[in-house]
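1. could you look at this predicted model? Sequence included:
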Amino acid sequence: MTFGKEYEINIVMYITSVPNRKSPPTILLRESYRENGNVKNHTLANLSCLPPHAIESLRRSLKGENLVSTEDVFEIVEDGSPAHGHVEAVLTAMKKLKFSSLLSSRRSRERDIIVGMVAARILQPKSKLATSLWWSDTTLPEILDIKDTDEDDLYNAMDWLIERQSNIEKKLAKRHLQENGLALYDLTSSYFEGETCPLAARGHNRDGKKGKLQVNYGLLTNKLGTPVAVSIFKGNTGDPKTFLPQVTKMKQEFKLEKFVLVGDRGMITQKQIDVLHGADGIDWIGALRPGAIKKLIDNDAVEMGLFDERNLFEIKHPDFPGERLIACRNGDLAIRRAKKREKLIAATSKELEKVKQMVLKKRIWGKENIDSKVQGVLKKYKIGKYFKFNSNDNGFDYTLNENELIEEIKTKTKGNLTLFEKRLKRADCLIESIAWKLAKINQLTQKGILYGKGNIGVRVGKVINKYKVGKHFKLVIRDNDFQFEVNQEKVQKEAALDGLYFVRTSLSKEQMNTDETVRSYKLLSNVERAFRSFKTVDLMVRPIRHRTANRVRAHIFLCMLAYYVQWHMVEVWRPLLFADEEQEEKNSRDPVAPAKRSDSARKKIQSKKLEDGSVVYSFRGLLSHLAAIVRATCRCYDEKETFSSTFTMDTKRNKKQQEAIDLLNKIHL
């Protein structure tokens, strides 16, 4: 800007920040100009009240940048924002676990589909048809190059998988089972929708689905609960029959010479133990069944007074040669069982009392009640005085003095034969009416609403089976009566066994001490944790909708592989989840006392917050939080104002999402 020949002024506008001691800095719009060689500044406006993005836009504009709206430059294409964060998390875990090479050393379309199905089972467990539709809203099919798959492709991939189950399990065993180490085994079941599968059968239903066909499957893990193998059996196969095949699998397929197999009291029975006694290098840890415990107590083989000093001790008994028996008594468990039994007995007594009242309801019982009813009928009739009855608590009988009645009629009719016959006929009608009413009363003395020994027994059986404490009751059932009482002697005998259990093992003390043996048996809770994950919202193995035996096997094996990945994710995510982080303390805690959460875990549960004040998540909740990260496909205008090629842009991770991904990168084999 020039004024005459003597003065030349060049003006530049800019934004500056002036710091304040105890207040936010002041944002000023200024102009700078040079006048006769001197630089001068002039404040034009105070911009402190404007939002930061507006100030930044003005700053860039003053620098000469050409600012345009994002909508005028590029757009996100239709259906171009699939969920990505949770997919990235699972695939990151799979990459660290070398999951693809676990399935097959060579890449194939079937392998990629199985990787996708396992990831989908973790992220959103659905039927195979629903899975093929669901994952189109995520980046999973694009990353794995399985966009064009349908449910038939998924079924074909399952057939491919089941052919490789044995090789995959061998690889898992090599990774996670050690020579002379512990392995855990337990059995569960899941129900079917349908009746055509050869594996479907009715057996001991663990899902509470009475009348449903089911399949049994046993899970083999290492001592930490990492799944190694799963075996499928018909739904009516008993637990003990599935145990020895696991021994064979570990010995012959996994090539383990020495190992210790842990199973529950229903799994390792005396028959299996007799077989294992002759097997070299195979040891086991199990528990006694209630019948065997009761026999030991009745024979005074256990000094119960020792429990006053400690909660476990070892004994030897000739009925169990070559074994160590460890007697354990959990005081907290004893209290819980006593309270539970008391509640069940009270509930059963209440229901049995209802049955008793049904037997008595509308039944006339007791001498006074019967007399009152009979006399009420007889007083209504003048000829009632000719009826004589004898009663007791359970009924009555009566007689009619017909001679006196006829004599009275003769006297009153004074020889009038027509009148005599008329009154005699009327008396017969009244006698018939009285007899009918007395018969009805007599019937009510014998029958209530519920009558008959068989009918009463059926109703009582339903009550007894409901609460499973029928052994504690004395029952007396007759056609017209029902009585019951609690058998206190049996209650007291059972109470003496509350909280008492016996761990049995073939291991010597030199191989494993007493405390460690009990802790090892309790590690079966890791397998139970896996079953809970299988059956609940995590993996949803049930209901099983497949019809052929191999498809059912493949479905359950697929769920096991999904749990394998999920198990490792949960382990590294413990700091972000409600899970207990202090796992090492389990190795030194009291082996008999009930498991307790650490103080830090309880604090997380109560406050729902972590130490930094952020939210604590469940496993599925954290996956949902990661799912908020999307991969947007965008396209820009070129110079001719037509769209150029597309590019992708991921949502920037927040602190929690970044931490979750970083933790997954710490997974190691």
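-> Arrived safely.
2. what about the stretch 351-500 of the chain, any weak spots by pLDDT?
-> Low-confidence regions of the stretch 351-500 of the chain, defined here as pLDDT under 70, cover residues 361-365, 446-450.
3. the helices in it, which residues?
-> 367-378, 402-413, 417-444, 453-467, 488-495 (DSSP state H, counting those that start in this stretch).
4. same question for the stretch 101-250 of the chain.
-> Using DSSP H, counting those that start in this stretch, the helices of the stretch 101-250 of the chain run over 109-123, 128-134, 140-144, 151-163, 165-176, 243-248.
5. so which of the ones you listed is nearest Thr646?
-> Thr646 lies closest to helix 140-144 among these, at 12.8 Å (C-beta to C-beta). Quick note: C-beta positions are derived from backbone N, CA and C, even for glycine.
6. give the buried residues for the closest one.
-> Taking 16 or more other C-beta atoms under 10 Å as the basis for neighbour counts, the residues of helix 140-144 that come out buried are Leu140, Pro141, Glu142, Ile143, Leu144.
7. where's the nearest residue to Leu663 once chain neighbours are set aside, which helix or strand?
-> The shortest distance from Leu663 to any residue other than its chain neighbours is 4.6 Å, reached at Val572 (C-beta to C-beta, 6 or more residues apart in numbering). Assigned by DSSP states H and E, Val572 belongs to helix 549-573.
8. show me the contact partners of the helix or strand following that helix.
-> For helix 549-573, the following helix or strand on the C-terminal side (DSSP H and E) is helix 599-607. With C-beta atoms under 8 Å, 6 or more residues apart in numbering as the contact definition, helix 599-607 has outside contacts at Phe578, Ala579, Asp580, Glu581, Glu582, Arg597, Leu610, Val616.
9. cool, stretch 566-576 as well?
-> Applying C-beta under 8 Å, 6+ apart, the contact partners of stretch 566-576 are 89-90, 93, 96-97, 122, 225-227, 530, 533, 538-539, 577, 579-581, 583, 610, 616-617, 619, 622, 656, 659-660, 663-664, 666-667.
10. at 7 Å instead, please
-> 93, 97, 122, 225-227, 533, 538, 577, 579, 581, 617, 619, 622, 659-660, 663-664, 666-667 (C-beta atoms under 7 Å, 6 or more residues apart in numbering).
11. in strands, which of those residues fall?
-> Pro227 (DSSP state E).
12. buried only: go through the contacts of stretch 566-576 for me.
-> 93, 97, 122, 225-227, 533, 538, 577, 579, 617, 619, 622, 659-660, 663-664, 667.
13. CSV for the buried residues of helix 140-144, including distance to Asp498 and pLDDT?
-> Supplementary listing: those in CSV, determined by distance: C-beta to C-beta, whole Å; pLDDT from 0 to 100:
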residue, distance to Asp498, pLDDT
Leu140, 51, 96
Pro141, 56, 95
Glu142, 59, 93
Ile143, 55, 95
Leu144, 54, 95
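14. and of those residues, the nearest to Cys559?
-> Distance to Cys559 across these (C-beta to C-beta) is lowest for Leu140, with 17.8 Å.
15. so what does the residue lying farthest from the centre of the chain look like in phi/psi?
-> Within the chain, Gly415 marks the point farthest from the mean C-alpha position, 93.2 Å out by C-alpha atoms, centre = their mean. Gly415 adopts backbone torsions of phi 80, psi 0, taken as degrees, to the nearest 10.
16. please tell me how far it sits from Asp148.
-> The span separating Gly415 from Asp148 equals 117 Å under the rule C-beta to C-beta, to the nearest Å.
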